[in-house]
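[1] Prediction below, plus the sequence it came from.
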Amino acid sequence: MFASYIAKFPLRTMIYKTGIVFAGFVSAAIITTNVQAEALPRVQIKTNMGTFTVELYPAKTPKTVANFLQYVNDKHYDGTVFHRVIDNFMVQGGGFDSTYTEKKTRPPVAHEGQEAIAKGGLKNVVGTLAMARTNDPQSATAQFFINVKDNAFLDPTPIPPGDPVPVFEYQNKTYKNVPRNQLVSSPQLFGYTVFGKVVEGMDVILKMKSAPTGAGGPFPSDVPQTPIVINSAIVIK
């Protein structure tokens, strides 16, 4: 049975919220495409290691993008640090200031990962921006991470229609006639919501991932020994 099988696979290396994206007709189509591309919001993030820019995808993850932009406009990220950096995995920040004091947040944003994947959204590949959360899929607030390698095991798993679901594939296994509730209530299938990607300054992220790490504040490991500070985050488009 799927339920007993999936219970054996807890979320690995969880991205947790740590706490104490005809000629006249053709021309018109090109213009429309360009307008749509220009409409995608971008946020420029300046750090003490350099500047990078992320592009966001509200058509795939509207609530997540709106949530992130609100934190940007509220200056929440200014003065926060990348408190968790793991080479060959990801860099995470947005929740703590340089004294490792956790900043107050708004209520969690609804998880949109499965819907985004179903709509052709991005997966957790190098350079993508995703929300951090606890074991509860509905717990993401302000913390985010940037993938520095392809992390397929973090991808959400869409649930096919039907009850029971006639055929469901997971972890290279195929299940038949699975009660829908078993899938809908399974945290392992939610994955992590990707809502943007780095479009400029990926070299800065690569420098971050290679920073020496160790203990810091309340964290026993993975903390950059020289703080990586977000000086400012602003919407530029």
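    The structure has been received and is ready for your questions.
[2] Quick check: buried residues in stretch 226-237?
    227-230, 233 (16 or more other Cβ atoms under 10 Å). Where C-beta positions appear, they are placed from N, C-alpha and C, glycine not excepted.
[3] Just the closest of the residues you listed to Gly50, please.
    Ile228 (10.0 Å; Cβ to Cβ).
[4] Now the closest one, what are its backbone angles?
    phi -100, psi 110 (degrees, to the nearest 10).
[5] Identify the residue spatially nearest to it, adjacent ones excluded.
    Of all residues not flanking Ile228 in the chain, Phe82 sits nearest, at 4.2 Å (Cβ to Cβ, 6 or more residues apart in numbering).
[6] For the one you found, give me its contacts.
    If you count contacts by Cβ atoms under 8 Å, 6 or more residues apart in numbering, Phe82 has them with 47, 91-93, 208, 224, 228, 230.
[7] quick revisit: mind putting the buried residues of stretch 226-237 into TSV with secondary structure, distance to Ala130 and pLDDT?
    Converted to TSV, these look like this (DSSP: H, G, I helix; E, B strand; the rest coil; distance: Cβ to Cβ, whole Å; pLDDT from 0 to 100):
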residue	secondary structure	distance to Ala130	pLDDT
Pro227	coil	22	97
Ile228	coil	18	98
Val229	strand	21	98
Ile230	strand	17	98
Ala233	strand	16	98
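[8] Which of the residues you listed lies at the shortest distance from Gly214?
    For the buried residues of stretch 226-237, the nearest to Gly214 is Pro227 (12.2 Å; Cβ to Cβ).
[9] coming back round to it: for Asp78, state which of the contacts of Phe82 is nearest.
    Taking the contacts of Phe82 together and measuring to Asp78 by Cβ to Cβ, the closest member is Ile230, at 6.5 Å.
[10] where in this protein is pLDDT low?
    For the chain, the stretches with pLDDT under 70 are 1-38.
[11] in the protein, which spans are helices?
    In the chain, the helices defined using DSSP state H lie at 2-6, 23-39, 62-73, 113-118, 180-184, 202-209.
[12] Give me the buried stretch members for the fourth one, please.
    Counting neighbours by 16+ other Cβ under 10 Å, one finds that the buried residues in helix 113-118 are 113-117.
[13] For that helix, what is the distance to the chain centroid?
    Centroid separation between helix 113-118 and its chain, computed with Cα atoms, centre = their mean, to the nearest Å, is 12 Å.
[14] residues in contact with it?
    So helix 113-118 is contacted by 57, 60-61, 122-123, 137, 155-159, 189-195 (Cβ under 8 Å, 6+ apart).
[15] hmm, 10 Å instead?
    Helix 113-118 has contacts (Cβ atoms under 10 Å, 6 or more residues apart in numbering) with 21, 57, 59-64, 121-124, 130-131, 133, 137, 140, 154-160, 184, 189-195.
[16] tell me the contacts of the nearest residue to Asn73 once chain neighbours are set aside?
    The shortest distance from Asn73 to any non-neighbouring residue, by Cβ to Cβ, 6+ apart, is to Val235 (6.8 Å). Going by Cβ under 10 Å, 6+ apart, Val235 touches 41-44, 56, 69, 72-73.
[17] how about a cut-off of 7 Å?
    Val235 makes contact with 41, 43, 69, 72-73, according to Cβ atoms under 7 Å, 6 or more residues apart in numbering.
[18] Tabulate those (JSON lines), appending distance to Arg106 and neighbour count.
    Shown next, in JSON lines, are these (distance: Cβ to Cβ, whole Å; neighbours: other Cβ atoms under 10 Å):
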{"residue": "Pro41", "distance to Arg106": "19", "neighbour count": "19"}
{"residue": "Val43", "distance to Arg106": "17", "neighbour count": "23"}
{"residue": "Leu69", "distance to Arg106": "12", "neighbour count": "16"}
{"residue": "Val72", "distance to Arg106": "13", "neighbour count": "23"}
{"residue": "Asn73", "distance to Arg106": "12", "neighbour count": "12"}
